[in-house]
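K.L.:
What shape does this take:
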Amino acid sequence: MKHPFLLQNFIEKNDNVKSYENKFAVVDLSKISSNKRQYIGFEQLLEIRGVLMVTRGEVNIVIDSIPYDLTENRILILEGQHIVSRVYFSDDCAGHCLIFDNDYLEMLVHEGKPPRELMTNIRLNPVIEFSNDDFAVLRGVIERIYADLIRSNHAFLSGIFDNALRIFNYELWNAILNNRRIKIDAETPYEQTAAQFIKLLHDNFRTRHELSFYAATLCVSTVFLTRAMK
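P.N.:
From the prediction side, this is the model:
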């Protein structure tokens, strides 16, 4: 396993990235070079927070051994630590990837964090398809942020970014809550087990890799745990 992939690594690995004072960075997916549109057969520990927004084309990504497909109006939310083993961007892919420094993001939203249950749900369902209206709002904010990154001579750029990124996060959480397919409370035994497993995995994944350990700790069979995660 490689070292954790942090914001600085994100900035260094992307030739078309725009960043501001190592607080956050944005990549325009349509400008990704052809030799960086596919990563297969590797394991990368992500320790970053942010979103991957697709406005055209397709992104395929495998996170914690679970494959996800992103198309138009879908957003992948990166929250906490995850292991990514495959990434593919289609040739016609467009959109943006926004990554935050953890301390900076905490500063932005420390007075209005989303419910803990919401964050657990995001870990279980990191890819969300939004309505056209909600997606348009989020897309507009992130495109404005990307455009402002070239205004290096603006006297109040720091304040502009603080406000815009704070707005983006609040609009994102509001859109998630508006999405009726997102459940705030785990209702079924499968949902309860999956939520407990995510927390347990977050605390132990560095040292414990056996499925039997997690199943025994949760007092379920390995078959039940596998079905709950599916």
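K.L.:
where does the residue most central in space within the chain land on pLDDT?
P.N.:
The centre of the chain sits closest to residue 78, judged by CA atoms, centre = their mean, with a distance of 1.9 Å. On pLDDT, residue 78 comes in at 88.
K.L.:
how near is it to residue 100?
P.N.:
Residue 78 sits 9 Å away from residue 100, going by CB to CB, to the nearest Å. To be clear about C-beta, it is placed using only N, CA and C from the backbone, and glycine gets the same treatment.
K.L.:
same check, this time on residue 197
P.N.:
The gap separating residue 197 from residue 100 is 26 Å, by CB to CB.
K.L.:
what do you get for residue 126?
P.N.:
Residue 126 is 15 Å from residue 100, where distance means CB to CB.
K.L.:
So which helix or strand of this protein has the lowest pLDDT on average?
P.N.:
Ranked by mean pLDDT, DSSP states H and E, the weakest helix or strand in the chain is helix 116-124, scoring a mean of 70.
K.L.:
okay but residue 108 is in contact with residue 169, surely?
P.N.:
Yes: using CB atoms under 8 Å, residue 108 makes contact with residue 169 at a distance of 6.6 Å.
K.L.:
Tell me the buried residues in stretch 145-160?
P.N.:
Neighbour counts using 16 or more other CB atoms under 10 Å place 145, 148-149, 160 of stretch 145-160 among the buried residues.
K.L.:
make that stretch 52-60, sorry
P.N.:
Neighbour-count burial for stretch 52-60 flags 52-55, 57-59 (criterion: 16+ other CB under 10 Å).
K.L.:
Ok, stretch 89-104 next?
P.N.:
89-90, 93-101, 104.
K.L.:
Determine which two of those are furthest apart.
P.N.:
Greatest spacing in the buried residues of stretch 89-104, by CB to CB: 90 and 104 (31.0 Å).
K.L.:
Can you show me the helices along this structure?
P.N.:
7-13, 102-109, 116-124, 132-148, 157-178, 189-204, 211-217, 222-229 (DSSP state H).
K.L.:
Kindly format the C-alpha coordinates of the second one as PDB.
P.N.:
The C-alpha trace of helix 102-109 is given here as PDB (Å, rounded to 0.1, in the frame of the first residue of the first chain):
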ATOM      1  CA  ASN A 102      -9.000  19.000   5.800                       C
ATOM      2  CA  ASP A 103      -8.200  21.900   8.200                       C
ATOM      3  CA  TYR A 104      -9.400  24.500   5.700                       C
ATOM      4  CA  LEU A 105     -12.700  22.700   5.200                       C
ATOM      5  CA  GLU A 106     -13.200  22.400   9.000                       C
ATOM      6  CA  MET A 107     -12.700  26.100   9.300                       C
ATOM      7  CA  LEU A 108     -15.300  26.800   6.600                       C
ATOM      8  CA  VAL A 109     -18.100  24.800   8.000                       C
END
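K.L.:
re the thing from before, can you pull the residues that touch both of residue 78 and residue 100?
P.N.:
Common contacts of residue 78 and residue 100 (CB atoms under 8 Å, 6 or more residues apart in numbering): 48-50.
K.L.:
Tell me the one of those nearest residue 29?
P.N.:
Using CB to CB, residue 50 is the member of the shared contacts of residue 78 and residue 100 that sits closest to residue 29, with 13.1 Å.
K.L.:
contacting residues for the closest one?
P.N.:
By CB under 8 Å, 6+ apart, residue 50 lies in contact with 24, 78, 97-100.
K.L.:
quick check, nearest of those residues to residue 11?
P.N.:
Closest to residue 11, out of all of the contacts of residue 50 and judged by CB to CB, is residue 99, at 8.4 Å.
K.L.:
Flag the shaky bits of this structure, pLDDT-wise.
P.N.:
Along the chain, the parts satisfying pLDDT under 70 run over 1-2, 41, 111-112, 115-117, 120, 180-187, 202, 230.
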